[in-house]
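Sharing a model prediction with you, sequence too.
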Amino acid sequence: MSHRSLPKSASEAADADSDADADVDATSARDDGRADPRSPAAVRLENVTHEYGADGGFRSSGGRSVTALRDVSLSIRPGEIVGLEGPSGSGKSTILHAVTGLLVPTDGTVEVMETDLTSLSERERTRMRRRHVGIVFQRFHLLPSLSARANVALPLVQVGVPKATRRERAEELLEGVGLADRASHLPGELSGGERQRVAIARALATDPDVIVADEPTGELDTATGRNVLELLTDVGRERDRAVLVASHDDDTLAVADRVISLRDGQVVTDGG
Ligand code: ADP
């Protein structure tokens, strides 16, 4: 499958609104888009422990806190496709949320492009996520009242890209995922596989360094799921992105360069 990636000028355009947080974006430049085994990690978790309820917030099961991750360390290089495997409740989503900065673990550090998210303010973490991390969900999470084009353009609104540029970029991205002729369709007018392609195009909108995907084929039939996986691995390798995919599914794990297995919040194998 071939597709075009977002030209680098998208992130340059996104940087046009840089302000006091510009220092956080110092790592966003990429020179030639090629994999380099000596590159620093795109994602690094060190000794991450997370206890839900430890902060006095939401507690499950009768007020007890739940230790979702215990001393998890892992790292992912640019261009690497890494599968995250484990039974339900083993901590996969908690790791993905930590990488997006949506969750700050109780202990340990989470680095994305060598910036420790746990040391940032909430605003800076949001900014890191918008610039550096693309997210693909199992149930697509497209806005039903917006066209495919407008869904793909949404992350560009958040980083201040002008309207005409957004439209152009969104159309290029849709063309890249093979949906040029679906740009004006609403999500409800698309098949499951097409919706996930739109979601992948949206995840690529800001030309992120890292893509996290939570059961991206969970809602798709086997053949459609394989196509979506092929697309995800293409977009990772082509632009030297780190891709972290949580899944139960053997097909998904088979496309990964490396599989990390979790049990009860701990890494039990890394590289099997
Ligand atoms: P997975 O993605 O592998 O299914 P999760 O990361 O969602 O695992 O969950 C890990 C553990 O944390 C489970 O025991 C789960 O019940 C618990 N957990 C997840 N989210 C919350 C939450 N918001 N509050 C309390 N416990 C949670």
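Received the coordinates, thanks.

Residue numbers of the stretch 1-150 of the chain in contact with the ligand?
52-53, 58, 60, 66, 68, 86, 88-94 (Cβ under 6 Å from any ligand atom). Just so you know, the C-beta spots here come from the backbone N, C-alpha and C atoms, and that holds for glycine as well.

Mark which of those are part of helices, please.
If you go by DSSP state H, those have 92-94 in helices.

What segments of the stretch 101-250 of the chain are helices?
Read by DSSP state H, counting those that start in this stretch, the stretch 101-250 of the chain holds these helices, from start to end of the chain: 122-132, 148-158, 163-176, 192-203, 222-238, 250-254.

From these, pick the one with the highest average neighbour count.
Among the helices of the stretch 101-250 of the chain, helix 192-203 has the highest mean neighbour count (mean count of other Cβ atoms under 10 Å), at a mean of 25.

Only alpha carbons, please: show it as CSV.
Extracted C-alpha coordinates of helix 192-203, given in CSV (Å, rounded to 0.1, in the frame of the first residue of the first chain):
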residue,chain,number,x,y,z
GLY,A,192,-15.3,0.5,10.0
GLY,A,193,-12.0,0.1,8.1
GLU,A,194,-12.4,3.5,6.4
ARG,A,195,-13.2,5.1,9.8
GLN,A,196,-10.0,3.7,11.2
ARG,A,197,-8.1,5.0,8.2
VAL,A,198,-9.6,8.5,8.9
ALA,A,199,-8.5,8.1,12.5
ILE,A,200,-5.0,7.2,11.5
ALA,A,201,-4.9,10.2,9.1
ARG,A,202,-6.0,12.4,12.0
ALA,A,203,-3.3,10.9,14.3
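
For it, give me every contacting residue.
Counting by Cβ atoms under 8 Å, 6 or more residues apart in numbering, the neighbours of helix 192-203 from elsewhere in the structure are 134-137, 140-142, 148, 151-152, 154-155, 170, 173-174, 176-179, 182, 187, 190, 211, 216-217, 219-221, 224-225, 227-228, 231-232, 235.

With mean pLDDT as added columns, please give the helices of the stretch 101-250 of the chain in JSON lines.
Listed next are the helices of the stretch 101-250 of the chain as JSON lines, based on pLDDT from 0 to 100:
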{"stretch": "helix 122-132", "mean pLDDT": "95"}
{"stretch": "helix 148-158", "mean pLDDT": "95"}
{"stretch": "helix 163-176", "mean pLDDT": "95"}
{"stretch": "helix 192-203", "mean pLDDT": "95"}
{"stretch": "helix 222-238", "mean pLDDT": "90"}
{"stretch": "helix 250-254", "mean pLDDT": "88"}
